[in-house]
Structures are given as structure tokens and as C-alpha cells.
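# mind looking at a prediction? Sequence and model below.
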Amino acid sequence: MGIFSRFQDIVNANLTSLLDRAEDPKKMIRLMIQEMEDTLVEVRTTSAKIIADKKELQRRVKALQSEAGNWLEKTELAISKGREDLAKGALIEKRRAEEAVQAGSAELSFIDEQITLLSDEISQLQSKLDAARAKQKELQVREQTGRSRLEMRKRTNRETLNKAFDKFEQYEQRLEELEAEVESYDMGRGNHSLSDEIADLAIRDEIEKELAELKSKFEAK
């Protein structure tokens, strides 16, 4: 069963409202466009047939007008020859041709009205179809934009994490270097003089202080 059941359903449809209620707007708009295109093809096919019928009827009316003119000439000829009986018969045929012309002309007027209505319907359908296609493009752009924003957010989060890990590695490396310096000062202390050992104490205090500061700063992170 189609989304729309007749021409007026399409013309009166509120595309935005229908899409807001749809579980899958992208699928819904695609189905809408397909049905609109099918309906437009049907209306145009009907219009083409009516236009063809109009041209055929115009040819028939023109032929009948010519026939009425021929019967008039025959009537005049019969009168000129004193054949009233033939003149009356010719007049009867002329009348029939003229009546057929009138009937054909009336039908042509009706066909013209139908063509005008179909033309209006085609315009309305085309306008609605253009709106649906624009809505479809809007949905595509929104979807693409949403995906781009999501990808950008993921990338930004990854960059933030990478920076955090890099900073962590830098702190860890510096701590290891300081700890190594401390250990290096402990090596071979037995060979140091009293003056060297006192100087080492000051250096060790500075290293321990810097080490403590780095640890405190890292823990605060």
C-alpha cells in the first residue's frame, strides 16, 4: 500500500510532519519521491492521451466543417438546376454536418478544460516533488554533517588522550632520570672525602626536592 492513495493526498501532504513521525525518515522520503514520480508519470501519460484525442477531434471537426461547406455548394447547385428535392436532401446533410461540428466543438471545449486541470495538477505535483527532493537532500546533508561532527569529536578525544599519555611518559621518564641520579651518587661513596660527602648531601637534597615536586605535580594530574 502506498504512502499516498490519490493526487490530493500528495498535494495536501505535509512532508515535514510525515517525516517527523517516521521511524526511518531517509527511507520514508525515498518512498514518497518514488510514489510522486509514479503519479506524475501517470498524470502526464493521461495528459498526452487527451492531447492526442484533442488533435484527432480537431481534424474531425475540420473535416465536418468542410463537409458542411460541400453540402451547401451542392444545395446551391441543385437549386440552380431546379431540383428542389435534391436541394432539400443536401440541406439535410448540411444540417447534420453542422450539428456534428457543434457537438465536436463542445467536446473540444471540455477537453481544453481537462487539459488545463491536468496541467495544474502536473505543476502542483512537480512542485511537491521538487520540495521532496530538496528535503531528501537536506536529510543527506544533515546526516553527512552529523557523521563529520562525530568523527571530529572522536578524533579530538583521541588527540586529548594521546597528549595525556605523552605527558605521562615525559613525567615518568624524568622521574626515572632523577632516581638514577640519586642512585649514582650512592655509588662509590666509600672513596669520597668528608667534604665531598657534605657537598653530596646538598645535591641529594636538591634532587630529592625536585623529585618530590615532580611526584606531587604528577599525582595532582
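Alright, I've got the coordinates.
# so which residues of this protein form helices?
7-12, 15-21, 25-80, 84-186, 194-220 (DSSP state H).
# isn't Thr46 up against Leu117?
No - taking contacts as CB atoms under 8 Å, Thr46 lies outside contact range of Leu117: 10.6 Å. For every residue, glycine as well, the C-beta is placed using N, CA and C.
# when the two are compared, which one has more neighbours?
Taking other CB atoms under 10 Å, Thr46 and Leu117 do not tie; Thr46 has more neighbours (14 against 11).
# may I see the buried residues of stretch 38-51?
In terms of neighbour count (16 or more other CB atoms under 10 Å), stretch 38-51 has its buried residues at 39-40, 43, 47.
# pLDDT on it, on average?
Stretch 38-51 carries an average pLDDT of 90.
# stretch 143-150 too?
71.
# over to stretch 59-69?
Stretch 59-69 comes out at a mean pLDDT of 95.
# report the buried residues of that stretch.
Neighbour counts over stretch 59-69 (16+ other CB under 10 Å) mark 61, 64-65, 67-68 as buried.
# closest to Arg142 among those?
Within the buried residues of stretch 59-69, the smallest distance to Arg142 is 56.3 Å, found for Val61 (CB to CB).
# test my guess that that closest one contacts Ser105.
Yes - if you go by CB under 8 Å, Val61 and Ser105 touch, sitting 6.2 Å apart.
# adding distance to Ala131, write the buried residues of stretch 59-69 out as a markdown table.
Formatted as a markdown table, the buried residues of stretch 59-69 follow (distance: CB to CB, whole Å):
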| residue | distance to Ala131 |
| --- | --- |
| Val61 | 41 |
| Leu64 | 46 |
| Gln65 | 46 |
| Glu67 | 51 |
| Ala68 | 51 |
